[in-house]
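> just coords:
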C-alpha cells in the first residue's frame, strides 16, 4: 500500500495529498477571485480568501497560497534591490544609481506579474492546478 509519511501522494492525487476531484463552480470562482482580487486589492483579497476558504477546498487553498506567495516574492525582490542600491547611492551621493535598477525591475515585474496572474486566473477558472515558476513565486505558504 501507500505510506503517506514519504511525501508524495499516490498517482492521480492533487496537491497536499487530496484526490483531484472535479472542481465545482463555486470552487473555481473563489480560486479565480484570488487572482482578480490581487489586481484590485493587492494581497488583501487572497489573504482573506486563504483564511476563510483554505479548509473547504484544496483548489482554493492552492491558488490563494500561490497568489500570496507571488506577492511575498515580489516584495522580497523589491527589498533586495533597495538593500543593494540605496547604500551605494548614499555612499556615492548619486541618486541616479538608485533609480537605474528600479526601472528595468519595475517593467519586468509588471509584465511577469500580469502574465502569471492572467494564466493563474484562467487555470483556476478551469479548475486546474497551475504552479508559477519558482523564480517569480517561492513556495512559502502552502
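Nice, I can see it. On a predicted model such as this, the values are computed, not experimentally measured, just so you know. Numbers count the residues shown, from 1 in each chain.
> buried residues in stretch 27-41?
Of the residues in stretch 27-41, 27, 28, 30, 31, 32, 33, 34, 35, 36, 37, 38 count as buried by neighbour count, 16 or more other CB atoms under 10 Å. Every residue, glycine included, has its C-beta placed from N, CA and C.
> which secondary structure elements does the worst-scoring helix or strand of the chain on mean pLDDT contact?
When the helices and strands of the chain are scored by mean pLDDT, DSSP states H and E, helix 96-125 comes last with a mean of 86. Packing partners of helix 96-125 (3 or more CB pairs under 8 Å, 6 or more residues apart in numbering; DSSP states H and E): helix 25-41, helix 58-92.
> As JSON lines, the buried residues of stretch 27-41 with pLDDT and distance to residue 81 would be great.
What follows is the buried residues of stretch 27-41, written out as JSON lines (pLDDT from 0 to 100; distance: CB to CB, whole Å):
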{"residue": "27", "pLDDT": "91", "distance to residue 81": "37"}
{"residue": "28", "pLDDT": "92", "distance to residue 81": "36"}
{"residue": "30", "pLDDT": "94", "distance to residue 81": "33"}
{"residue": "31", "pLDDT": "93", "distance to residue 81": "31"}
{"residue": "32", "pLDDT": "94", "distance to residue 81": "31"}
{"residue": "33", "pLDDT": "94", "distance to residue 81": "30"}
{"residue": "34", "pLDDT": "94", "distance to residue 81": "26"}
{"residue": "35", "pLDDT": "94", "distance to residue 81": "25"}
{"residue": "36", "pLDDT": "93", "distance to residue 81": "28"}
{"residue": "37", "pLDDT": "92", "distance to residue 81": "26"}
{"residue": "38", "pLDDT": "89", "distance to residue 81": "21"}
